[in-house]
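# mind looking at a prediction? Sequence and model below.
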Amino acid sequence: MTPPQIDVTSLLVASSRGDREALDKLLPLVYTELRHLAERYLHKERPDHTLQATALVNEAYLRLIDQNVSWQNRAHFFGVAAEMMRRILIDHARKHQAQKRGSGGIKIALDEAIDVTDEQATELIALDDALKALAEFDPQKSRIVELRFFGGLSIEETAEVLGIGTATVIRQWKMAKAWLYQEVSKSGK
């Protein structure tokens, strides 16, 4: 483990015990990685979209520090961060579609920063629906997709977070991708 990983893990453990100073020290250590994670989420957006990775990072970080979680290590933290960012984007896509249908949805600060095309919102919602369906009959595969695809975790980090072997992650990652591709393709028809 590299020194920054050790620092992140010890700060996460300290914050789980209620040490508010640990949270202040944590942000500078994780901000760059959280920003890369946010950029990964946003890389498929059209070039002139208005969402900034910073807005997504800030919203996710605020939600993360409000969680009552016993952090295990940095991989666990980034796995939860990936899930949080995914939820933020899915919530936005659903609100965007509801507003388009005239439901009179209320805009919040993050919504003002996000500009998602109808096609992208539909694809994101289809992927989220497929992941939820996968989670109903195979939660582990769903979590692997979330950690690998959305969280950008390596095979090894995913195995560590889930407490399973790397060979299992590789095998289930391949099967989950194939299943999701098939499901998302069906929804597009």
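Structure received.
# tell me the phi and psi of the nearest residue to Leu127 once chain neighbours are set aside?
Spatial nearest neighbour of Leu127, excluding adjacent residues (CB to CB, 6 or more residues apart in numbering): Val184 at 5.8 Å. Glycine gets a C-beta too; all of them are placed from N, C-alpha and C. When read as degrees, to the nearest 10, the backbone of Val184 gives phi -70, psi -40.
# same deal with Trp71?
Dihedral angles of Trp71 (phi, psi; degrees, to the nearest 10) stand at phi -70, psi 130.
# surely it is in contact with Ala14?
No. Using CB atoms under 8 Å, Trp71 makes no contact with Ala14, being 9.3 Å away.
# neighbour count for these two, which is higher?
Comparing Trp71 with Ala14 by neighbour count (other CB atoms under 10 Å), the higher total belongs to Trp71, at 20 against 17.
# mind listing what the more buried one touches?
Shown in contact with Trp71 (CB atoms under 8 Å, 6 or more residues apart in numbering): Thr9, Leu12, Val13, Ser15, Ser16, Phe77.
# do you know how far the last one is from Ala133?
If you measure Phe77 against Ala133 using CB to CB, to the nearest Å, the figure is 27 Å.
# likewise for the third one?
From Val13 across to Ala133, the span is 35 Å (CB to CB).
# ok, longest helix in this protein?
helix 74-100 (DSSP state H).
# could you list every helix and strand in contact with it?
The elements that helix 74-100 packs onto, with contact taken as 3 or more CB pairs under 8 Å, 6 or more residues apart in numbering; DSSP states H and E, are helix 3-16, helix 20-42, helix 53-65, helix 109-113, helix 118-137, helix 155-162.
# how about these, which one is nearest Leu180?
Ranking the helices and strands packed on helix 74-100 by proximity to Leu180 (CB to CB) places helix 118-137 first, at 5.1 Å.
# for Thr154, phi and psi?
That one is not Thr; residue 154 is Ser. With angles defined as degrees, to the nearest 10, Ser154 sits at phi -70, psi 170.
# okay, now it: neighbour count?
By the other CB under 10 Å criterion, the neighbourhood of Ser154 contains 14 residues.
# of all the contacts of Trp71, which comes closest to Arg35?
Nearest member of these to Arg35, counting by CB to CB, is Phe77, at 14.5 Å.
# who touches that closest one in this structure?
By CB under 8 Å, 6+ apart, the contact set of Phe77 is Val8, Leu12, Val30, Leu64, Trp71.
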